[in-house]
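# next input, structure requested:
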Amino acid sequence: MEISTGYLIGPKYDPRAFYLRSSAGAAWQKSCSQPEYRRQVQGRLVGVTMDAFPAGGGAPAREIGALPASGLRLVRVALQGAHHNSFLPNGSMPPNEQIRLDQVLVSAAQQGIAVELVLFHPEQDQDFESPDALVEAARLLTDWLIDHNHRHVILNPAADWSGHGWDFDSFVPNHLERISEAIRERFQVRHTDYALPIALSARNRIAEGSRLVQDADVIIAQGDALSMDPRRVERPVLVEEADAGACAAALERFSGCLLQSLPDAGTLRAVGPLMLKSYKP
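Numbers count the residues shown, from 1 in each chain. Below is the predicted model:
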């Protein structure tokens, strides 16, 4: 399974839409274009966040299995959180973390679900040896994804880069461009026939032509950033929302929605009718 955007694929595609395909040689199809989906959600993605990659083992893989019946096609998994860190100080990932991440990504691909991987969190960045180790973590993770042919991933350097608590003189929020470039260059060095989309999060008011927007393949907006006009941004804009009602409203203007809470039964029942023609709880 592979994910991209019309902006990345080429001028014949809708730049603000998400596209999926089952294999590298298959034709690109707008997300949610299967017959069971409502026509108004074609090219869009709705998903949920798993907050952090929990220390308890395979919980994300089990939770991911509950999403397709409600039409959700995206899940956010964070490699660092307030109480978890998947990286070693030098930027590498230990084998047990790699195995667990592989299990989650394989499970998602089998369910037809894309994964947004969030790399860094302000509660954990101080555990790296240096700013260079942060950049190395982005490089090594990208190489690992290439080696394992995980093409259904969107990479987000830091979903909360505008928050407080970042170390190394706020290296991550001040060097999103450098981290993103470290990711992109791996696809060039490795001579791959694809590149994973890079998402950049925005919570503060930003201009449609800002550097952050231009550096991103996908924008994830929240708070004051929702004042932007998505019609003036030739990239998909996902919106972070706390409830299904706000998510429904966001679908009228933006390219999708990411619910901020874990997918409980109530959330799935609320989202399902938004996505599917005939939702069966």
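
# residues touching Ser131, list them.
To be clear, residue 131 is Pro; Ser isn't right here. Contacts for Pro131 (CB atoms under 8 Å, 6 or more residues apart in numbering) come out as Phe168, Phe171, His175. (Each C-beta comes from the backbone N, C-alpha and C, glycine too.)

# please disregard the earlier target; I meant Tyr194.
Taking CB under 8 Å, 6+ apart as the test, what Tyr194 contacts is Glu2, Ser4, Ala24, Arg151, Phe187.

# state whether it is indeed within a strand.
No: remark: Tyr194 does not belong to a strand; assigned using DSSP: H, G, I helix; E, B strand; the rest coil, it is coil.

# give me phi/psi at it?
phi -160, psi 170 (degrees, to the nearest 10).

# continuing past the helix-or-strand element of the chain with minimal mean pLDDT, what's the next helix or strand?
Lowest by mean pLDDT, DSSP states H and E among the helices and strands of the chain is helix 59-64, with a mean of 67. Using DSSP states H and E, the helix or strand that follows helix 59-64 in sequence is strand 74-78.

# quick one: that next one to chain centroid distance?
Mean-position distance between strand 74-78 and its chain equals 6 Å (CA atoms, centre = their mean, to the nearest Å).

# follow-up on the earlier one: which ones among the contacts of Tyr194 lie within helices?
Secondary structure assignment by DSSP state H places Phe187 of the contacts of Tyr194 in helices.

# out of the contacts of Tyr194, which one has the weakest pLDDT?
Lowest pLDDT within the contacts of Tyr194 is found at Ala24 (83).

# run a quick neighbour tally on it.
11 (other CB atoms under 10 Å).

# look up how far Ile154 lies from it.
Distance of Ala24 to Ile154, computed by CB to CB, to the nearest Å: 17 Å.

# likewise Asp193?
Following CB to CB, the distance that separates Asp193 from Ile154 is 18 Å.

# quick one, which of these two is more surrounded?
Ile154 (25 against 8).
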